[in-house]
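Asks: Test case, fold it:
(2 chains)
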Amino acid sequence: MTRSWRPSLLMLPALALLAVVFLWPLLQVAWLSSQASSVLTGLTPVANNGANWQRLLADGRFWSDARFTLRFALVSVALELLLGLGMALLMHRPGQGRGLLRAAVLLPWALPGTVLALGWRWIFNDPYGPLNTLIQSLGGQPYGFLATPSTTWLFVVLADVWKSTPFVALLLLAGLQSIPAELEECLRLEGAGGLQILRRLTLPLLTPWITLAMIFRLAQALGLFDLVQVLTRGGPAGSTESLALYAYLQAMRFLDFGYTATVVLATFLLLALLTLLGLAMLRRRPGQPASQEPGLP
Amino acid sequence: MRMLLLLWSLGPLLWQLYSSLITPEALVDPQAVPAGAFWTLTNYQQLLQADPPFWQYLLNSTLLGTLSTALTLALAVPCAYGLQRQRGRLRWGATLLLLGAAIFPTVLLFLPLLQLARALGLGNHLLALALPYAALNLPLAVLLLRAAFAALPPELEDAALLEGLDLPARLRHVLLPLLAPTLGSTAILVFLFSWNEYPIALTWLSRPELLTLPPAIARIAGSSLFTVPYGAFAAATVLGSLPLLLIVLVFQRSIISGLTQGAVKG
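Replies: Sure, this is the predicted structure:
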C-alpha cells in the first residue's frame, strides 16, 4: 500500500487556516467598509454608498492620528536603524561575555509590549518617577512626560526604540558576520581608517540588510497599538493616538463596525504603499554577491 | 561602551526591580523614610493574593503558548515540506505571500477575527486562541522550515525512499532529526510571539481568570485598586518579565539564529 503525498495536499491544512485568519478578514473588512453597521442600524450591515469613505476624508481625528502614526514610525525606525547599527558593530567586536551581552540586549525585545509600557509609565511618572526624581535632584522642575501634548510622542518613540532596536541590531549583526574578514583586512593594509572602512565596505555590503530591517520595522511601527494603549491611552489630548488604536476605539467603544473597517482598510493601504516603496528601494540597489544578499527576491 | 549598552538594556528593568521592593512612602520620598520601613514584599503579596492571583495569568500564557507552538509546528512541517517540493513560480509566489503575511501587523485583523469568534462561539475559550495564534505564526514558521528543508542534501531522502520508507517515516526518522536546531528556534519564536500577543487576546477574552499576561497587565494598568499603585505596577512588570528573562538566558542562541534566518532565508 503506497499512499501518494502530493505537495499541494501537504500544504492544504496550513493554507486553509491562513485563508481563514488572513484572507477572510481582509475580504470581510473590504466589504464591511462599504456598509453602515453600528448601533444605529442595530449592528446589521446596510449598504451606505461610500458614506464611510466620505466620512473618513472629512474625519480630522483620523488624519491627525495618521500624521502621528507616520511621524512615530519614521522617527522611531530611523533611530532604531542608527542605534541598531551602533549596537551591532559593538556586539560584532570580539571580547569577553559576548553571550551574556547578547542575552541582555535581546531581553527588551522579548518582553510583551504591555509589560514594558507599564514599566515606562512608572519611569515617566510625574512627579515620583525616576526621571523626574533625577531632574528634581539636579534642581529642575518635574516634567509631565506623558501629559504634554507637544512632546509626549517623543517618549513613546523612546519606549519603542528601547524595545525594538535589539531586533534591528541582531539582524545587522547577522549581516556583519556575513562580510568576510579578509575584505576588511585588505582595506586596512591599504591604510584605510575605521570610518573609511565603515563607509566604503561595511555600509554598502550591509545595505540590503538595513533595508530589510527597515521594511520589517516600518510595517510593525505603523501597526502601533500595545504600547500606546497602555502607556498613554492615546493621550494627552489624542496626541499619541495611533491608527490601530483609533480603529480599536471605534469598534469597542463606539460599536461602529462599518467605520472601523474603513479605518482598518485605509491603514492597511497606507502600510502597503509604504512597504512597496521600501521594497522598490531594496530592488534598486546595485547587485552584490548572491551569497551575501538577504533572501528577498 | 559595552557597559553603556548593558545599562541601556537592563537599567529600566533594574529600576523596576528596585521600585517593586520598596514601600509606597519610600517610593515618594526615599529620604523621609525610617530605615526599617524602606524595603517590603507587600507589592508582590498583593499581586499574588489578588483575585485571580498573578500566577494564573502566567499559567494561562504558558498553556496557550505551548498549545499554539505545537499546533503551529504540526501544520508548518508538512506545509514547508510541500512548499519545498513545489517547483518554480508557485514556490516563489507562495514564499512572497508568506513573507507579506509575516510582516503584517496583526492588530489590523482584530475586528473580523472578533466577529469570527462570536459567530463560532470561541470567545472566552482560552485554548481556542491557539487557532489564530497558529495562523499568525505559520508564515514565519513555514519560511524557516522550508529553508531548512532546502539545505538538506536530496540524496538523503532518495536513500530513505529506496529503503521503502513512506513520508511520515522519512520525516520522523530521517528529516526531522536533522532539522532539530531549526525546529527548536522556530518553536521558541512561536512561543514568544504567542506569549506576547495582545490585541486578539484583549478582544477574545473578558473573564479575568482566563486572561493571558499582556491583557492582564493592561488591566492592572487601568485599575485604581491600589492607592499609590506604582509599587504594584513595578512588581507586575518584574513578575511579567521573569519568565522571559529565563527563556532568553537559556535559548539566546536559538532565538537569535531563528530571528536572523527568518529574515534572511525568507
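Asks: For the residue of chain B found nearest chain A, give me its contacts.
Replies: For chain B, the residue closest to chain A is B:Pro105, as judged by Cβ to the nearest Cβ, at 2.3 Å. Any C-beta I mention is one placed from the backbone N, CA and C, and that applies to glycine too. When contacts are counted by Cβ atoms under 8 Å, 6 or more residues apart in numbering or on different chains, B:Pro105 touches A:Ala219, A:Gln220, A:Leu222, A:Gly223, A:Phe225, A:Ala244, A:Leu271.
Asks: make it 10 Å
Replies: Counting by Cβ atoms under 10 Å, 6 or more residues apart in numbering or on different chains, B:Pro105 makes contact with A:Ala219, A:Gln220, A:Ala221, A:Leu222, A:Gly223, A:Leu224, A:Phe225, A:Ala244, A:Thr267, A:Phe268, A:Leu271, B:Pro199.
Asks: Kindly present the residues you listed as CSV, with separate columns for neighbour count and pLDDT.
Replies: Listed next are the contacts of B:Pro105 as CSV, based on neighbours: other Cβ atoms under 10 Å in any protein chain shown; pLDDT from 0 to 100:
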residue, neighbour count, pLDDT
A:Ala219, 21, 87
A:Gln220, 20, 89
A:Ala221, 25, 92
A:Leu222, 25, 91
A:Gly223, 23, 91
A:Leu224, 25, 93
A:Phe225, 22, 93
A:Ala244, 26, 93
A:Thr267, 24, 91
A:Phe268, 20, 90
A:Leu271, 23, 87
B:Pro199, 27, 92
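Asks: Point to the residue nearest the middle of chain B.
Replies: Centroid-nearest residue in chain B, with Cα atoms, centre = their mean: B:Leu192, separated by 2.0 Å.
Asks: Which one of the contacts of B:Pro105 is nearest to B:Asp51?
Replies: B:Pro199 (25.3 Å; Cβ to Cβ).
Asks: looking at it, the closest one is touching A:Val230, isn't it?
Replies: No: if you go by Cβ atoms under 10 Å, B:Pro199 and A:Val230 don't touch, sitting 11.8 Å apart.
Asks: Quickly list what's touching both of those two.
Replies: With Cβ under 10 Å, 6+ apart as the test, B:Pro199 and A:Val230 both reach A:Gly113, B:Pro214, B:Pro215.
Asks: Okay, and which of those residues map to helices?
Replies: A:Gly113, B:Pro214, B:Pro215 (DSSP state H).
Asks: Show me just the buried residues among those.
Replies: Buried subset of these (neighbour count, 16 or more other Cβ atoms under 10 Å in any protein chain shown): A:Gly113, B:Pro214, B:Pro215.
Asks: Looking at pLDDT only, which of those residues scores worst?
Replies: In terms of pLDDT, the lowest of these is A:Gly113, showing 88.
Asks: all helices for the chain, in order.
Replies: Here I'm looking at chain A. Under DSSP H, chain A gives helices at A:7-18, A:24-32, A:51-58, A:60-92, A:98-110, A:113-123, A:130-137, A:152-177, A:181-189, A:194-197, A:203-222, A:226-231, A:243-252, A:257-284.
Asks: meant chain B, my bad for not saying
Replies: Using DSSP H, helices in chain B cover B:2-20, B:24-28, B:42-49, B:54-85, B:88-103, B:110-120, B:130-151, B:154-162, B:167-170, B:176-178, B:180-196, B:199-204, B:213-222, B:230-265.
Asks: Would you mark the buried spots in the second one?
Replies: This points to helix B:24-28. Quick answer for helix B:24-28 (16+ other Cβ under 10 Å): B:Pro24, B:Ala26, B:Leu27.
Asks: Mind putting the residues you listed into CSV with pLDDT and distance to A:Leu81?
Replies: Formatted as CSV, the buried residues of helix B:24-28 follow (pLDDT from 0 to 100; distance: Cβ to Cβ, whole Å):
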residue, pLDDT, distance to A:Leu81
B:Pro24, 76, 41
B:Ala26, 78, 40
B:Leu27, 76, 37
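Asks: restrict those residues to those near chain A?
Replies: Restricting the buried residues of helix B:24-28 to those within reach of chain A (Cβ under 10 Å from any Cβ of the partner chain) leaves B:Pro24, B:Leu27.
Asks: Would you mind giving the buried residues of helix B:24-28 as CSV with distance to A:Ala47 added?
Replies: Compiled in CSV, these are given as follows (distance: Cβ to Cβ, whole Å):
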residue, distance to A:Ala47
B:Pro24, 56
B:Ala26, 61
B:Leu27, 56
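Asks: And the buried residues of helix B:24-28, which is closest to B:Asn124?
Replies: B:Pro24 (34.8 Å).
Asks: if I look at the closest one, how far off is B:Arg219?
Replies: Counting by Cβ to Cβ, to the nearest Å, the separation of B:Pro24 from B:Arg219 is 21 Å.
Asks: before we move on, back to that, could you save the buried ones among the ones in helices among the shared contacts of B:Pro199 and A:Val230 as TSV and add columns showing distance to A:Ala88?
Replies: TSV is the format used below for those (distance: Cβ to Cβ, whole Å):
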residue	distance to A:Ala88
A:Gly113	23
B:Pro214	28
B:Pro215	34
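Asks: Closest one of those residues to B:Ser19?
Replies: When these are ranked by distance to B:Ser19 (Cβ to Cβ), A:Gly113 comes first, at 19.7 Å.
Asks: Tell me who's in contact with that closest one.
Replies: With Cβ under 10 Å, 6+ apart, A:Gly113 has these contacts: A:159-160, A:163-164, A:224-231, B:196-199, B:214, B:217-218.
Asks: What pLDDT is listed against B:Thr69?
Replies: Per the predicted model, pLDDT is 96 at B:Thr69.
Asks: quick one: average confidence on stretch B:41-57?
Replies: Mean pLDDT, computed over stretch B:41-57, is 85.
Asks: can you list contacts of that stretch?
Replies: Applying Cβ under 10 Å, 6+ apart, the contact partners of stretch B:41-57 are B:19-24, B:27, B:59-60, B:62, B:207-217, B:219-220, B:223, B:225-226, B:229-236, B:238-240.
Asks: Type out the ChimeraX command that picks the buried ones from the residues you listed.
Replies: Command for ChimeraX, covering only those of the contacts of stretch B:41-57 found buried under the criterion 16+ other Cβ under 10 Å:
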select /B:19,20,21,22,23,24,27,60,62,210,211,212,213,214,215,216,217,219,220,226,229,230,231,232,233,234,235,236,238,239,240
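Asks: so A:Ile210 makes contact with A:Ala174?
Replies: No: using Cβ under 10 Å, A:Ile210 makes no contact with A:Ala174, being 12.0 Å away.
Asks: picking that back up, now, among the buried ones among the ones in helices among the shared contacts of B:Pro199 and A:Val230, which is nearest to B:Ala160?
Replies: Comparing those against B:Ala160 with Cβ to Cβ picks out B:Pro214 as the nearest, at 43.3 Å.
Asks: hmm, back to that, if we take the ones in helices among the shared contacts of B:Pro199 and A:Val230, which one ends up nearest to A:Leu43?
Replies: B:Pro215 (23.9 Å).
Asks: In contact with the closest one, which residues?
Replies: Here B:Pro215 is in contact with A:112, A:114, A:230, B:57, B:60, B:197-206, B:208 (Cβ under 10 Å, 6+ apart).
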